[in-house]
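Peer 1: Prediction below, plus the sequence it came from.
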Amino acid sequence: MSPFFVTSLLFGLTFGQTASVCAPSEYTIHVEKRECAYCLAINTTICAGFCMTRDSNGKKLLLRSALSQNVCTYKEILYQTARIPGCPHHTTPYYSYPVAVSCQCGKCNTDYSDCVHDKVRANYCTKPQKPCNL
């Protein structure tokens, strides 16, 4: 291998994360309960963006630890609670949701993140919509 290639490879592995753009982003979730009369539109922030990953095509040349598949994930989270309007007295009308305060590129933590990207699921209401006023 040429010295230029080796230098470029080492530079890319060392400083690759600096090209990542992972930050809190505005997002609207729609929440409804079967028993309640309304759907609640909640404005929150989620972690979204691009994180540098390593192409596994070079796996025979690199250590396994160098082949990380990083995702944009939460660094710091706050939870807020909203009240869903139009719920009968026997139903709990509260819904807690995460608010991303800061984000980072890293391994996906299944304790608080869904690390599998399913087919597109609609984020919409089937009942009349009410905006969340906190």
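Peer 2: Cool, the structure landed.
Peer 1: Name the helix or strand for residue 100, please.
Peer 2: Assessed by DSSP states H and E, residue 100 sits inside strand 94-106.
Peer 1: Listing partners with orientation, what would you give for that strand?
Peer 2: strand 71-83 (antiparallel) (DSSP bridges).
Peer 1: Which residues belonging to the strand holding residue 100 are considered buried?
Peer 2: Judged by neighbour count using 16 or more other Cβ atoms under 10 Å, the buried positions of strand 94-106 are 95, 98-100, 103-106. (Glycine included, C-beta is placed from N, CA and C.)
Peer 1: Now render those residues as TSV, adding distance to residue 76 and pLDDT.
Peer 2: Below are those laid out as TSV (distance: Cβ to Cβ, whole Å; pLDDT from 0 to 100):
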residue	distance to residue 76	pLDDT
95	21	93
98	10	90
99	10	95
100	8	95
103	8	94
104	9	92
105	14	90
106	13	85
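Peer 1: what's the farthest-apart pair in the residues you listed?
Peer 2: Maximum pairwise distance among the buried residues of strand 94-106 (Cβ to Cβ): 29.0 Å, between 95 and 105.
Peer 1: what about dumping the CA coordinates of the strand holding residue 100 to CSV?
Peer 2: Extracted in CSV, the C-alpha atoms of strand 94-106 (Å, rounded to 0.1, in the frame of the first residue of the first chain):
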residue,chain,number,x,y,z
TYR,A,94,-51.7,11.4,30.3
TYR,A,95,-49.0,10.6,27.8
SER,A,96,-45.2,10.9,28.5
TYR,A,97,-42.8,11.5,25.6
PRO,A,98,-39.1,12.1,25.2
VAL,A,99,-37.6,15.5,24.3
ALA,A,100,-34.1,15.4,22.9
VAL,A,101,-31.9,18.0,24.6
SER,A,102,-28.7,16.9,22.9
CYS,A,103,-27.6,14.2,20.5
GLN,A,104,-24.5,12.3,19.6
CYS,A,105,-23.3,9.7,17.1
GLY,A,106,-22.9,6.4,18.7
